[in-house]
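1. Here is a sequence with its predicted model. Questions after.
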Amino acid sequence: MAAAAAAPVWSVDPRTGKRREQVAVEATADEVDAAVRAAHAARTALADRTARAALLRRTAGLLDEAGDAVVEAADAETALGPGRLTGELARTTYQLRAFADLVEDGGFLGVLIDHADPALTPPRPDLRRYKIPLGPVAVYAASNFPLAFSVPGGDTASALAAGCPVVVKAHPDHPATSELCAALLRRAAVESGLPEGVLNVVHGFQAGLDLVRHPLITAAGFTGSVRGGRALYDAAAARPHPIPFHGELGSLNPVVVTEAAAQERADQLGVGLGGSMTLGVGQFCVKPGLVLAPAGEAGDRLLAALTAAVSDTEAGVLLDQRMREAFCAGVAARAQLPDVEAPVTPGAGSEHTVSAGFLTVPAARLATEGPHDLLLDECFGPVTVVARYTDPAEIGAVLARLPGNLTATLQLGAAESAGSDEAGRGARLLAEVTPLAGRVVVNGWPTGVAVAPAQHHGGPYPATTSTSTSVGGTAVERWLRPVAYQDTPPALLPPELREDNPLGLPRQVDGRPERG
């Protein structure tokens, strides 16, 4: 019996729903195996920190050189627009260069040396600790960031920085962009003296499952839906040898607006919220999806400003038709709940677009379990829910029912921000939202995740499946494991741990920091 033909992978224009071109075919189990084995074979060459820093810098340079073509390809498949994508490309190349700096510095290796001290009780042996790469990593590309969270994105960059070759499961919404970026990255590898196998790409749903189950894959990074991420997370845990699965799954990103904040700047808050919830057609993972705002005159002014801002927002195209259908069905189901109103009705625009809007509901409806729990689920697209409280105690009651989130935002009054209000609301609210999120924003909006050493992009489940970050320099820690050498003869120690520090690494020796 003849084997079934491999399913084609098409590039689709979300503005029309029409196929543009066949990009590839879905990978078979044998092809996934070959990609992983190629990555596994490349790990020795990638151990050279100088070579992998060069790889990261050259990849950034090639992406810059091909910027027009990359942005054009991504826009054709995502409809995110040249402006947004040009900014995303700049973010992508910035983080590649930032990881190159991190590799060259070497501090991420965490070198710790404690010399033997027989006078201690109990006596201490000679101990030398640093971090080593895990091995080949699986990366699952995100739909809403075809560059920064996809083939050349942060998961790939941080894994390569750690010394881990990567196999990317491309997202079906932008396969042509994925192949273009993969070709540039593989070219950068060759030009940096490394094998092409440091980066491989596979396509197809089954390929994603085969990838996470492959015995040579040592860890995985994922950005996507709760359903898809949980299935892969469970598959990673069910392996004979389970592996770390760093998944970003979903987030409501609650916002609390105090009465004082609404009184002081209702108009500004309405405009800011409207801009944040509609940015990128509401397809940012940190979009504010639930806002606790006061009832009464100040809250009415906030809603009036929000209504004006959202009403002026043009209909937009979501990443694919499936997401559009889910958005329209989701907002319709929410709007039918008792006491839910739609000052600006979200839903279908034209045949291929959606219109932004927002819903309101009394906060008391969310304080106890019931059908309104639907409003506490993320709805991907340009919509938010404004829950209006009549008593500040309702804020805590609603917050207590929320799952983990990437962000939580507080909009405070001037006295609350200064910590000088008699009730101590600012400090109390900060303490209430901190357990809910990985990043707490005060008097700002959560959309926009700066790439910086102190950044944390993660949060309690279901926001993420681990305590790690996928943005910022510490993202590299996901792909490393520590190893300590005890009483090891100097001639046998790796260069990173030798007494004379031949690599010039920053390290801590007997509790004191040293620079190379």
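-> On my side now, so go ahead.
2. and the biggest helix by length in the chain, what does it pack onto?
-> Across the chain, the longest stretch assigned as helix under DSSP state H is helix 82-105. Using 3 or more CB pairs under 8 Å, 6 or more residues apart in numbering; DSSP states H and E as the contact test, the elements touching helix 82-105 are helix 49-65, helix 67-78, helix 154-162. Bear in mind the C-beta positions are built from the backbone N, C-alpha and C, glycine included.
3. After it, heading C-terminal, what element do we hit next?
-> Moving toward the C-terminus from helix 82-105, the next helix or strand (DSSP states H and E) is strand 111-114.
4. what are the pairing partners of that next one, and which direction each?
-> Sheet pairing of strand 111-114 (DSSP bridges) gives strand 127-133 (antiparallel), strand 507-509 (parallel).
5. Mind listing what's buried along it?
-> Residues of strand 111-114 classed as buried: 111-114 (neighbour count, 16 or more other CB atoms under 10 Å).
6. and what of stretch 162-174?
-> Neighbour-count burial for stretch 162-174, counted by 16+ other CB under 10 Å, picks out 162-174.
7. what's the first-to-last distance across that stretch?
-> This stretch, stretch 162-174, spans 26 Å end to end (CA to CA, to the nearest Å).
8. Would you pull up how far it lies from the middle of the chain?
-> Relative to its chain's centre, stretch 162-174 lies at 14 Å (CA atoms, centre = their mean, to the nearest Å).
9. Looking at it now, give me its mean pLDDT.
-> For stretch 162-174, the mean pLDDT works out to 98.
10. With stretch 424-432 instead?
-> The average pLDDT within stretch 424-432 is 96.
11. What of stretch 62-71?
-> 98.
12. Check what contacts that stretch and list those residues.
-> For stretch 62-71, contacts defined as CB atoms under 8 Å, 6 or more residues apart in numbering pick out 82, 85-86, 89, 92-93, 96, 147, 152, 177, 180-181, 184-185, 187-188.
13. can you do 6 Å?
-> For stretch 62-71, contacts defined as CB atoms under 6 Å, 6 or more residues apart in numbering pick out 82, 85-86, 89, 93, 184, 188.
14. in it, what's buried?
-> Residues of stretch 62-71 classed as buried: 62-63, 66, 70-71 (neighbour count, 16+ other CB under 10 Å).
15. swap in stretch 207-218?
-> 207-214, 217-218.
16. go on, stretch 261-269?
-> Buried-residue list, stretch 261-269, by 16+ other CB under 10 Å: 261-266, 269.
17. which ones among the residues you listed are found in strands?
-> Per DSSP state E, strands hold no members of those.
18. Which pair in those has the greatest spatial separation?
-> Longest distance between any two of those is 10.5 Å, between Gln263 and Leu269; criterion CB to CB.
19. before we move on, the earlier item: any chance of the buried residues of stretch 162-174 in a markdown table, plus distance to Arg49 and secondary structure?
-> Below are the buried residues of stretch 162-174 laid out as a markdown table (distance: CB to CB, whole Å; DSSP: H, G, I helix; E, B strand; the rest coil):
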| residue | distance to Arg49 | secondary structure |
| --- | --- | --- |
| Ala162 | 10 | helix |
| Gly163 | 8 | coil |
| Cys164 | 13 | coil |
| Pro165 | 15 | coil |
| Val166 | 17 | strand |
| Val167 | 22 | strand |
| Val168 | 22 | strand |
| Lys169 | 27 | strand |
| Ala170 | 28 | coil |
| His171 | 30 | coil |
| Pro172 | 35 | coil |
| Asp173 | 35 | coil |
| His174 | 31 | coil |
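20. Could you dump those into a markdown table and include distance to Gly419?
-> Below are those laid out as a markdown table (distance: CB to CB, whole Å):
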| residue | distance to Gly419 |
| --- | --- |
| Ala162 | 40 |
| Gly163 | 45 |
| Cys164 | 44 |
| Pro165 | 49 |
| Val166 | 45 |
| Val167 | 49 |
| Val168 | 46 |
| Lys169 | 47 |
| Ala170 | 48 |
| His171 | 44 |
| Pro172 | 49 |
| Asp173 | 45 |
| His174 | 46 |
